[in-house]
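Novice: Here you go, sequence then predicted model.
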Amino acid sequence: DSIGGLVCWIVQLLGTVPDWMDTVRRRPSDPGDDPFGRAVVEALRLAQAEYVYRHVRRPISIDGFRIPRGWFFRLLVAESHRLDPPFARPEVYDPDRHRGRPFGGTDFAPFGFDRHACLGARTTLAIARAFTERLVLASSWTVVADGPRERGNRHWNHWRPSSRLRILLTPLGSPVR
């Protein structure tokens, strides 16, 4: 669900920035710059990182609220990724916001925190980055139908693009039919 959902979000979100994709195709990136990796982490920021659950081992006080031992605490990561600052225009998909500015763990934590972070983070990033590079360099697409985002019926399911999402995919160098 995680990698599959992420690549669906990448297709949907990149469909909103065709000029960005055209620029990436025309201009080689600077050494050390990775536009495809930036596209992936921006999709994670905007659409894939939602929350982290933790079992409370000892009482916690946060801004005058007390969370008792034994409760489950849900930290809303998605909301922290929509703060301005550090993310100017936080609801806009903008891969270039990650150019030359790595965000720290207090600002950006799509795979969780510290020793509890996702073990599959590097694999997920590598697969999604390879997918994104191949897709952007080999094709062009337009979102022709969409709908509201959807969520599975399990507490651990990620939000995903609408099942009504449809794209018109054209291989680059091929005439549109």
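Specialist: Looks like it came in fine.

Novice: Going by C-alpha atoms from here, please, whenever you check contacts or count neighbours.
Specialist: Noted.

Novice: tell me the contacts of the spatially most central residue of the chain?
Specialist: The centroid of the chain falls nearest to L44 when counting by C-alpha atoms, centre = their mean (1.6 Å). By C-alpha atoms under 8 Å, 6 or more residues apart in numbering, the contact list for L44 reads 6, 110.

Novice: Extract the CA atoms of stretch 22-36 and return them as CSV.
Specialist: Below are the C-alpha coordinates for stretch 22-36, written out as CSV (Å, rounded to 0.1, in the frame of the first residue of the first chain):
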residue,chain,number,x,y,z
ASP,A,22,9.2,20.2,-19.1
THR,A,23,12.0,22.1,-17.4
VAL,A,24,13.5,18.9,-15.9
ARG,A,25,13.4,17.2,-19.3
ARG,A,26,15.1,20.2,-21.1
ARG,A,27,17.8,21.0,-18.6
PRO,A,28,20.3,18.6,-17.1
SER,A,29,20.4,19.0,-13.3
ASP,A,30,23.3,20.5,-11.5
PRO,A,31,25.7,18.1,-9.9
GLY,A,32,24.3,17.1,-6.6
ASP,A,33,20.8,18.1,-7.5
ASP,A,34,18.2,15.4,-7.9
PRO,A,35,14.9,16.7,-9.3
PHE,A,36,13.3,13.3,-9.2
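
Novice: pLDDT score for D1?
Specialist: D1 is assigned a predicted lDDT (pLDDT) of 56.

Novice: again but with L13, I slipped
Specialist: For L13, the model assigns a pLDDT of 96.
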